[in-house]
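Participant: here is the input, now give the coordinates:
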Amino acid sequence: MRNRRKVRDDAPAWAVLLALAAPAAALAQEREAPPPITERAAAALADGRLTPERDRALALVLELGPRAGPELRAAVIAAVAAELSGETNRPKESEAVFTYLEAVAQLRDPQAVPVLVEALPFGAGAANALADLSPGSFPAVLEAVANPGERPDRVGNGLTALRFMLEDGSLSEQQIALVRELVRDRLAGTQHHSVVSVAIRLALALGDLESRQTVERLAADRTAVEALVSPYLSDGVTPSRSHQRRIDGVQERARALLSGASFPPHRRPFPHR
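Facilitator: Numbers count the residues shown, from 1 in each chain. Predicted coordinates:
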């Protein structure tokens, strides 16, 4: 016999069709079924317990990055939300959340925008990840930054995310106009000194004359800075030595930026290699 798998000539027609279709059906099923390791990883991430399986699942997401499938993407995004809200029994001082955030950032998945906005207080990593998703992430970032009741660290890193979007050239003229209006608001009234320092940098990144003149006024006029930086936001008393140092710091930052100096954080798209 030249072919062991050859169907007998006298076999019934249905048997012939079944024999021919079986390899193709098996191959199609193999292609459609998700890899078992991916299923296990998604289940481990969905489980709130801190287990070695969860750690291995996180490592898999980091390895796959944008190639991770929908189920695994959804699982790690939900896991980050659980980490940020304290739903796991991980100690508050643990730095593991940064690894989870890196895994989500490397996905470059628009579904991660809400959790990345929540992660803004954790630093420039979330700002870079949101800039990677611009312009789709722009409305959520703008809303967080414009809210006067937001925490200063969330506002500051949100302003940094907007600066990254500007530097990337991913914003429309209309969106840039909204950023300009936002910066004007943030450099008026009373603000936390850290927000003022970041807003100054964003104002210069906008590149228009009015924004630059605002920074120049703050660099030259100490009274203007004293009126802007509220002494009640941190100390509860006025005046204080620490408040005076904050005023000095804002003016020094403004003068340095006007002279062309550059300070971290800098734009660093994901994935980091």
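
Participant: can you count the residues close to residue 205?
Facilitator: 18 (other C-beta atoms under 10 Å). All C-beta spots, glycine's among them, are computed from the backbone N, C-alpha and C.

Participant: what's the answer for the one 5 residues further on, then?
Facilitator: Using other C-beta under 10 Å, residue 210 has 11 neighbouring residues.

Participant: residue contacts, residue 99?
Facilitator: 58, 62 (C-beta atoms under 8 Å, 6 or more residues apart in numbering).

Participant: any low-confidence regions in the stretch 151-273 of the chain?
Facilitator: 232-239, 272-273 (pLDDT under 70).

Participant: again, only using 80
Facilitator: The stretch 151-273 of the chain contains residues with pLDDT under 80 at 230-240, 271-273.

Participant: just the helices in it please.
Facilitator: Secondary structure of the stretch 151-273 of the chain (DSSP state H, counting those that start in this stretch): helices located at 152-168, 173-186, 193-206, 209-220, 222-228, 241-258.

Participant: pipe those into a markdown table and attach distance to residue 270 per row.
Facilitator: Shown next, in a markdown table, are the helices of the stretch 151-273 of the chain (distance: least, C-beta to C-beta, whole Å):
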| stretch | distance to residue 270 |
| --- | --- |
| helix 152-168 | 12 |
| helix 173-186 | 22 |
| helix 193-206 | 21 |
| helix 209-220 | 29 |
| helix 222-228 | 34 |
| helix 241-258 | 26 |
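
Participant: which parts of the stretch 1-150 of the chain are helices?
Facilitator: Taking DSSP H, counting those that start in this stretch as the criterion, the stretch 1-150 of the chain carries its helices at 13-32, 36-46, 52-64, 70-85, 96-107, 113-118, 124-132, 138-146.

Participant: tilt between the fifth one and helix 70-85?
Facilitator: When you say that, I think you mean helix 96-107. 150 degrees (axes from the mean of the first three to the mean of the last three C-alpha atoms, to 10 degrees).

Participant: start the count at 7, not 1, going forward
Facilitator: I'll keep to 7 as the first residue from here, and by that count the last item is helix 102-113.

Participant: buried sites along helix 102-113?
Facilitator: The neighbour-count criterion (16 or more other C-beta atoms under 10 Å) identifies 103, 105-113 as the buried residues of helix 102-113.
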